[in-house]
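[1] Have a look at this prediction, sequence included:
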Amino acid sequence: MTERPPSRAEAAAHRIALSDAASRHESTRAQQLVDEFVREARARGHEPQPLMAQLLSGRTVRTDKRGWYLRKNQSLAIGEDGGYYVLTVPGGMVERLRGVKLQPTPPPLQVGRGGRDGETGDLREFLAMTLERLAQR
């Protein structure tokens, strides 16, 4: 009895499963870098600050987290809890008044993948630059 080739749907599902597994592996490695950054920032005495987020409308709002901004434009941050936070969020009047509750996202090894030059790079480099910026304060 010969084995039939996988259907297109089965092949697509297999590719999705492989991609998901690769993403989880990348995030696990990236989380180790983030955890190391948090330990190093604390060891150097860099206190986390209240994080602000930007609504899609451009307004700035309070968040429920404290941490360190990863980008100069303050669109990404590492929380004191080791979370990786994207600080551009949806919202309206309620969020402007109450602030927003941030949810961590799985960290990537490549920050800003697909973005403009100067906004993308290796997570390790962004973390190192953030520590340097904090030391200059």
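    Done, it's in. Owing to the predicted nature of the structure, the values given are computational and were not obtained by experimental measurement.
[2] how many neighbours does Gln54 have?
    16 (other CB atoms under 10 Å). Yep, even glycine has a C-beta here, placed from its N, CA and C like the rest.
[3] so how far is Met93 from it?
    Going from Gln54 to Met93 by CB to CB, to the nearest Å gives 15 Å.
[4] Helices along this protein, start to end?
    Here the chain has its helices, by DSSP state H, at 8-43, 93-98, 123-135.
[5] Out of the ones you listed, which is the most enclosed?
    helix 123-135 (a mean of 16; mean count of other CB atoms under 10 Å).
[6] now the angle from that helix to helix 8-43?
    Between helix 123-135 and helix 8-43, the angle comes out at 30 degrees (axes from the mean of the first three to the mean of the last three CA atoms, to 10 degrees).
[7] tell me what helix 123-135 is packed against?
    If you count contacts as 3 or more CB pairs under 8 Å, 6 or more residues apart in numbering; DSSP states H and E, helix 123-135 packs onto helix 8-43, strand 60-69, strand 76-79, strand 110-111.
[8] What mean pLDDT does the first one get?
    For helix 8-43, mean pLDDT rounds to 85.
[9] Over to the shortest one?
    Averaged over strand 110-111, pLDDT sits at 92.
[10] Run through who's touching that strand.
    Leu70, Arg71, Leu76, Glu119, Thr120, Gly121, Asp122, Leu123, Phe126 (CB atoms under 8 Å, 6 or more residues apart in numbering).
[11] Turn the helices of the chain into CSV, including distance to Val111.
    Formatted as CSV, the helices of the chain follow (distance: least, CB to CB, whole Å):
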stretch, distance to Val111
helix 8-43, 9
helix 93-98, 25
helix 123-135, 5
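[12] Quick check: closest non-adjacent residue to the spatially most central residue of the chain.
    Geometric centre of the chain, nearest residue: Tyr84, 3.7 Å, by CA atoms, centre = their mean. Sequence neighbours aside, Pro107 is the residue nearest to Tyr84 in space, at 3.7 Å (criterion: CB to CB, 6 or more residues apart in numbering).
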